[in-house]
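[1] Model the structure of this input:
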Amino acid sequence: MRALLLFVASLAVGTCVAQTVVVATTNGPVRGVFQAADNTTSWRGIPFAEPPVGALRFADPAPLNRTWTTPLDASRWSAGCMARCPITSFPKPELMCAATVSEDCLYLNVYSPSDFDTHGAGPLPVIVFIHGGNYKYGASGVPIYDGADLARNERVVVVTLNYRLGVFGALYTGSVRGNFQTKDQRMALRWVQANIRGFGGDPTRVTITGQSAGAFSVATHLSSPLSWPLFQRAIIVSNPFAIPAWNPASGLQLGERLLRNVSCPDSGGVDELACLRALSAEQLLTASALDFTKKPDHLLEMAMPWCPVVDGTDELPMQPQQAMLTGKFNRVPILFGTVANESVQFVYDASPAPMNGVEYYAMLDMVFGFDNLTSIDGVYGKLPAKDWSDARLFLSRPMTDYVFYCVGRAMGAAMTRHAPTYMWLFDYASSLNQWIFGKYMPWCVTNVCHAQDLAFIFNPFRWAHLDNVSYEIPSPTAAETGLAHFVQRAWGNFARTGDPNPLPQGITWPRFDGAANNLVNYSIPPHVIQNYRHDECALWDKFGYFRR
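    Residues are numbered from 1 along each chain as shown. Next comes the predicted model:
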């Protein structure tokens, strides 16, 4: 029996029986719920730090300093951190958006196989997932990130976590030094080290992973020596490697704009901080959504304005890209990849109205420079006449290669010199796309847009079994269910050993080598490919990715 299991109680609910499972933590017992549909136990809404409110707003996360003896109810997700939930990024709010938001949001969720204490195989590997959302949106306590199916199928413990977003997580001024989002995530990782054994997990086999801004976060932790003792593997899902973290000067410039928007002094002293802490959370959230457009010489930097700041300390000593290229990162096994059409939604977000041909070439000039337009046309072709009235989809091709895929390939070639590294490409357009994207993001129905692979990681084809989903969800094909299980098996193997092999269907995943550029193509059926988009990547390799 699990040493820290205090008791299991059964509660009659209609004709069903819901078992509650209580586990001890360093602060006190927490009571989770057995999910019969997934044969897993979940503990939702466990606090891992003091609420960052009042005097703790714009401060480093503080260790949770309270204890309790009565089991804490961990049957429901907590509020998400302060954020809006735009439908052009989260087109199914009921699946993707937190029901409520609050500054009191530093909570995490744990999902374990129900028999973790009796299986007899010792503690299980742990996968800690960091949600995406441009560092401005998102939450861990939503159905799309429910970790039950992954935990059950792969016999792993899954942890998802909240972290402060937007201005609350990244403000950088004379009196506020930001990077709170990274520090919140690290505090959650410390909680995992101290407590995960009670939930069946092995603190010596922790894989950190995240998608989009969560992937940027993983790269940040790989680059931060303060995080290195807290994980042993990393999975990076759709990291926009070409977008730089902010430097202190840019962070201060953004912070000063925020201060002007809320009419607080920019003295850098106690008056500035007192003014910021006197504002309501809604006032700060609204002010941080105002126009922060800068001159276009830092256009890509503006794509993620509330990201971490490279402060030159062990918190973030250098750009994550520089750490990868120079080998100055935590040299743990790395699994990473992208989807086929990453930039489609971002191009459409940036240009809600059709972009004509003149605007297309102006955008290329703005990002890459006029002298490079002929070379870009030479590889991608001139803008076709049929796209002259709306070039957005055509623009998404070079932007996907530059911001996501080709730069990822270049990072993989550098990382694999120091650590076992494996890369994937996800290019399957799911039958669920019409249901998910058809109303608000129709351009993502036939394209494989950013985040479409999440359904095949967490397998939300089982959403209908969750307690807060009360409507019908389209059924996947048998092949799609098989692809989800393939992706989960790769993750489970990697969490266990640092190697995604062995895989179903007789596939062997080769280590990325930077020459043949071997990838596993997450498609139907999955297969290995080499030198995907090689000519396009050769162009960007020549130009260089980190333009400022």
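
[2] Contact partners for Trp424?
    Residues near Trp424 by Cβ atoms under 8 Å, 6 or more residues apart in numbering: Leu335, Phe336, Gly337, Thr338, Ala490, Leu519, Val520, Asn521, Tyr522. Just so you know, the C-beta spots here come from the backbone N, C-alpha and C atoms, and that holds for glycine as well.

[3] Next one: Pro525 from Leu483, what distance?
    The gap separating Pro525 from Leu483 is 8 Å, by Cβ to Cβ, to the nearest Å.

[4] got a winner among the contacts of Trp424 for most neighbours?
    Within the contacts of Trp424, most neighbours by other Cβ atoms under 10 Å means Thr338, with 31 neighbours.

[5] Would it be right to say that that residue lies in a helix?
    No. Judged by DSSP: H, G, I helix; E, B strand; the rest coil, Thr338 forms no part of a helix; its state is strand.

[6] List the beta-bridge partners for it.
    Leu425 (DSSP bridges).

[7] Can you get me the start-to-end distance on stretch 393-406?
    Chord length of stretch 393-406, first to last residue, is 18 Å (Cα to Cα, to the nearest Å).

[8] buried ones in that stretch?
    For stretch 393-406, a neighbour-count test (16 or more other Cβ atoms under 10 Å) marks 394-406 as buried.

[9] what's the closest of those to Leu230?
    Nearest to Leu230 among those, counting by Cβ to Cβ, is Phe404 at 26.7 Å.

[10] From Asp427, how far off is the closest residue to that closest one other than its chain neighbours?
    With Cβ to Cβ, 6 or more residues apart in numbering as the criterion, Phe404 has its nearest non-adjacent residue at 4.1 Å, and that residue is Glu342. To Asp427, Glu342 is 11 Å away according to Cβ to Cβ.

[11] Would you mind telling me which of these two has more residues around it?
    Per other Cβ under 10 Å, whichever of Glu342 and Asp427 has more neighbours is Glu342, with 26 against 19.

[12] if I pick the more buried one, what's in contact with it?
    The contact partners of Glu342, taken as Cβ under 8 Å, 6+ apart, are Ser238, Pro240, Thr400, Val403, Phe404, Tyr405, Cys449, His450.

[13] Also Leu64?
    Asn27, Pro47, Phe48, Ala49, Glu50.

[14] ok, now how distant is the fourth one from Ser288?
    This points to Ala49. Ala49 is 22 Å from Ser288, by Cβ to Cβ.

[15] hmm, back to that, comparing Pro525 and Leu483, which residue is more hemmed in?
    Counted by other Cβ under 10 Å, Pro525 and Leu483 do not tie: Leu483 has more neighbours, with 24 against 12.

[16] helices or strands next to the helix or strand hosting the more buried one in the packing?
    Following DSSP states H and E, one finds Leu483 within helix 478-497. Counting contacts by 3 or more Cβ pairs under 8 Å, 6 or more residues apart in numbering; DSSP states H and E, helix 478-497 is packed against strand 124-130, helix 148-154, strand 201-211, strand 233-237, strand 334-339, helix 454-458, strand 519-522.

[17] so for the second one, what's the average pLDDT?
    This means helix 148-154. For helix 148-154, the mean per-residue pLDDT is 95.

[18] For that helix, buried residues please.
    Neighbour counts over helix 148-154 (16+ other Cβ under 10 Å) mark Ala148, Asp149, Leu150, Ala151, Arg152, Asn153, Glu154 as buried.

[19] Would you format the contacts of Leu64 as TSV with neighbour count included?
    Formatted as TSV, the contacts of Leu64 follow (neighbours: other Cβ atoms under 10 Å):
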residue	neighbour count
Asn27	19
Pro47	20
Phe48	24
Ala49	24
Glu50	18
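
[20] Distance to Ile457 and pLDDT added to those, as a markdown table?
    Formatted as a markdown table, the contacts of Leu64 follow (distance: Cβ to Cβ, whole Å; pLDDT from 0 to 100):
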| residue | distance to Ile457 | pLDDT |
| --- | --- | --- |
| Asn27 | 30 | 98 |
| Pro47 | 26 | 98 |
| Phe48 | 23 | 98 |
| Ala49 | 26 | 98 |
| Glu50 | 31 | 98 |
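
[21] What is the nearest of those to Thr70?
    Nearest to Thr70 out of the contacts of Leu64 is Asn27 (Cβ to Cβ; 12.2 Å).

[22] is it true that that closest one lies in a helix?
    No. Counting by three-state DSSP, Asn27 is not part of a helix but coil.

[23] In contact with it, which residues?
    With Cβ under 8 Å, 6+ apart, Asn27 has these contacts: Pro47, Leu64, Arg66, Thr67, Trp68.

[24] So what's the gap between stretch 526-536 and the chain middle?
    Put simply, stretch 526-536 sits 24 Å off its chain's centre (Cα atoms, centre = their mean, to the nearest Å).

[25] can you tell me the helix or strand for Asn531?
    In the assignment (DSSP H and E), Asn531 maps to no helix and no strand.

[26] Could you give the number of residues near it?
    Asn531, neighbours per other Cβ under 10 Å, totals 14.

[27] Kindly report the same for Pro123.
    A count of nearby residues for Pro123, using other Cβ under 10 Å, gives 16.

[28] Check the gap between it and Asp149 for me.
    Counting by Cβ to Cβ - Pro123 and Asp149 are separated by 21 Å.

[29] cool, Ser430 as well?
    Taking Cβ to Cβ as the measure, Ser430 falls 16 Å from Asp149.

[30] likewise Ser78?
    For Ser78 relative to Asp149 (Cβ to Cβ), the value is 21 Å.

[31] Also Met302?
    Met302 sits 37 Å away from Asp149 when distances are taken as Cβ to Cβ.

[32] now swap in Ala98 and tell me
    From Ala98 over to Asp149 (counting by Cβ to Cβ), the distance is 20 Å.

[33] Same question for Met355.
    39 Å.

[34] Return the set of residues that bridge with Gly32.
    Val21.
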